[in-house]
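Student: got a sequence here, can you model it:
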Amino acid sequence: MTGGGEDDDIAPRADKLYAARSALAEIQPTTPRLGVAEIVQFLNDPQRSLSMEEQRTLFTDPLLRADYRRLKSRQSVVELPALAAASVGNVDIRRFEGGTVRIHPSRVADQFYVVVRFNQSAGVPRSLVVEGTNGELVKRPLPAADATGEMMMVLDRKSVVDEAFLRLISDPTSTGSFLP
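Tutor: Got it, this is the predicted structure:
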């Protein structure tokens, strides 16, 4: 054995390896990328929502936005259109092909009833995605419809999610898609 062999390099190499592994362990995991698979999951799973970061990505990436619109159009059962340009301020009723959405204040402060009525009770959607003109998306799972095709949600403006949904559904410029 000679004095200048590999054994002399073990301690410095071990230090470098330890430093490299420590640095990798400290790195925060990157935010998962929003892609077509995540969009499909969002459209198919009534409970899946998009984070603000995912919405930002969707709004700023034209190709991803085109994929989203294409996939949504294939999935959508019924569209909730924007109201006429003459509509000003919040609305409390919106009509769509095959039904209506009505928003009623409750006697309890900050609570509202949102009643969705479909003219046919068969094959009613399981969720509603409402989109603001600024790119904001809010998805809401829908409760089961009764025998007449009506479903009711009680929403509270103190809840961030409920407030965002109420704001968008009341905005005449927003659009929506009822999903199976």
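
Student: gap between residue 176 and residue 13?
Tutor: 60 Å (Cβ to Cβ, to the nearest Å). Just so you know, the C-beta spots here come from the backbone N, C-alpha and C atoms, and that holds for glycine as well.

Student: what about those two, which has more around it?
Tutor: More crowded of residue 176 and residue 13, by other Cβ atoms under 10 Å: residue 176, with 24 against 10.

Student: where does the nearest residue to that one once chain neighbours are set aside land on pLDDT?
Tutor: Nearest non-adjacent residue to residue 176, counting by Cβ to Cβ, 6 or more residues apart in numbering: residue 80, 3.2 Å away. Note on residue 80: pLDDT of 93.

Student: what number of residues lie near residue 80?
Tutor: Neighbour tally, residue 80, other Cβ under 10 Å: 23.

Student: okay but it is in contact with residue 94, surely?
Tutor: Yes: under the criterion of Cβ atoms under 8 Å, residue 80 makes contact with residue 94 at 6.3 Å.

Student: need the overlap of contacts for these two.
Tutor: Residues touching both residue 80 and residue 94 by Cβ atoms under 8 Å, 6 or more residues apart in numbering: residue 101.

Student: relative to residue 58, how far out is residue 66?
Tutor: Distance from residue 66 to residue 58, by Cβ to Cβ: 11 Å.

Student: neighbour-wise, which of those two wins?
Tutor: Shown here are residue 66 and residue 58; by other Cβ under 10 Å, residue 58 has more neighbours (19 against 10).

Student: part of a helix, is that one?
Tutor: Yes: when DSSP: H, G, I helix; E, B strand; the rest coil is applied, residue 58 is found to be in a helix.

Student: how about it, what does it touch?
Tutor: 34, 39, 50, 64-65, 68, 135, 137.

Student: equivalent analysis for residue 107, please.
Tutor: Per Cβ under 8 Å, 6+ apart, neighbours of residue 107: none.

Student: SS state for it?
Tutor: Reduced to three states by three-state DSSP, residue 107 is coil.

Student: all helices for this structure, in order.
Tutor: 10-26, 36-44, 52-60, 62-75, 160-170 (DSSP state H).

Student: and residue 143, which of those is closest to it?
Tutor: helix 160-170 (13.5 Å; Cβ to Cβ).

Student: using PDB, write out the CA atom coordinates for the closest one.
Tutor: Only the C-alpha atoms of helix 160-170 are listed here, as PDB (Å, rounded to 0.1, in the frame of the first residue of the first chain):
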ATOM      1  CA  VAL A 160     -64.100  31.700   1.500                       C
ATOM      2  CA  VAL A 161     -65.200  28.900  -0.900                       C
ATOM      3  CA  ASP A 162     -68.900  29.700  -0.500                       C
ATOM      4  CA  GLU A 163     -68.200  33.400  -0.900                       C
ATOM      5  CA  ALA A 164     -66.200  32.900  -4.100                       C
ATOM      6  CA  PHE A 165     -68.900  30.700  -5.600                       C
ATOM      7  CA  LEU A 166     -71.700  33.200  -4.700                       C
ATOM      8  CA  ARG A 167     -69.700  36.100  -6.100                       C
ATOM      9  CA  LEU A 168     -69.200  34.300  -9.400                       C
ATOM     10  CA  ILE A 169     -72.700  32.700  -9.800                       C
ATOM     11  CA  SER A 170     -74.200  36.200  -9.100                       C
END
